[in-house]
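> Build me a model from this:
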Amino acid sequence: MTAVLPPPRPTAGLLPVQRLTRVEDGEQLDSLLWRAGAGWRMVSSSVLGGGIGERSWVLNAQVSHGYRRTDPDRHLGELARAAGAEGVGVGLMTAADVRAYGHARDGGVEAVATAGLGVRGWAASPTEGTSTPARPGTINIVVALPVALTDAALVNAVSTAPEAKVQALLDAGHDCSGTPTDAVCVAARVVPLPGEEVHAFAGPRSRWGARLARAVHRAVAVAAGREHVPAAGR
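Next up is the predicted model:
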């Protein structure tokens, strides 16, 4: 059974999240749900609802450290339906304590991040990838922009966000670029606001990309600062 609880701190604005709690196999687990509603296009690397398209919600679900299900997309869909999320959405997964999320705003852009750094490392690893899935430690990032973006700008935005994430990790003294299972979701309006254009750029030196980068940097810094990080090498 899933219960809806108030968020641990205020997040009123463009990207408000609800905290959900459930019990699986005797363990209490939490999730964060953003009920975005209609009028949003999202780009995401998520296991559920990934790619580019109109989406109406984003669920960031905590799972156990010993997670063994091989159908995470189905699992996330079940959790979203249990929470009453309607329509097509995005589902993210992490073993991190999502109650310790970071939330930041910059110039109308908002970002929410959760950080699990137990399996952190460098993207360019000297070892080959294996068929064994990495444990779901995971840094998950969700960003909302109050403007419309072209497809190219959405892709630009979804690359700017991880750049800011890495910067935040290095600034915090973490010797890594992230974890093997990090995921990101960027949401932008479908229709431009009155007087606004459909923006074609979202790189770190563009107007909206710079705001996105600063919001993500702060949200990741806050989330990583709240995460208990076990000692680990590269």
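> From now on I want contacts and neighbour counts done on CA atoms only, so please keep to that.
Will do.
> partners of the longest strand along the chain, with directions?
Taking DSSP state E as the criterion, the chain has its longest strand at strand 139-149. Strand pairing for strand 139-149, determined by DSSP bridges: strand 109-115 (antiparallel), strand 183-189 (parallel), strand 198-199 (parallel).
> Please identify the deepest-packed of those.
Of the strands paired with strand 139-149, the one with the most neighbours on average (mean count of other CA atoms under 10 Å) is strand 109-115, at a mean of 28.
> tell me how far the ends of stretch 43-62 are from each other?
Stretch 43-62 has its terminal residues 21 Å apart, counting by CA to CA, to the nearest Å.
> And that stretch, what's buried?
For stretch 43-62, burial by neighbour count (16 or more other CA atoms under 10 Å) applies to 43-50, 52-62.
> same check, this time on stretch 79-94
Applying 16+ other CA under 10 Å to stretch 79-94 flags 79, 80, 83, 85, 88, 89, 90, 91, 92, 93, 94 as buried.
> going on from the one helix or strand the first one maps to, what's the next piece of helix or strand?
Right, the one you point to is residue 79. Here residue 79 sits within helix 72-82, counting by DSSP states H and E. Following helix 72-82 in sequence order, the next helix or strand is strand 90-94 (DSSP H and E).
> Please identify the pairing partners of the following helix or strand past that next one and their relative orientation?
Sequence-wise, the next helix or strand downstream of strand 90-94 (DSSP H and E) is strand 102-106. Note on strand 102-106: by DSSP bridges, its sheet partners are strand 109-115 (antiparallel).
> Now tell me what touches the strand it pairs with from outside.
Strand 109-115 is contacted from outside by 14-15, 96-98, 100-105, 137-146, 208, 211-212, 215-216, 219-220, 223-224, 227, using CA atoms under 8 Å, 6 or more residues apart in numbering.
> Tell me which residue is most central in the protein.
By CA atoms, centre = their mean, the chain has its centre lying nearest to residue 141, at 2.5 Å.
> Can I get the strands paired with strand 139-149 in CSV including mean pLDDT?
Shown next, in CSV, are the strands paired with strand 139-149 (pLDDT from 0 to 100):
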stretch, mean pLDDT
strand 109-115, 97
strand 183-189, 98
strand 198-199, 96
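> so which of these gets nearest residue 124?
Set against residue 124 and scored by CA to CA, the strands paired with strand 139-149 come closest in strand 183-189, at 16.9 Å.
> That concludes my questions; thank you for your assistance.
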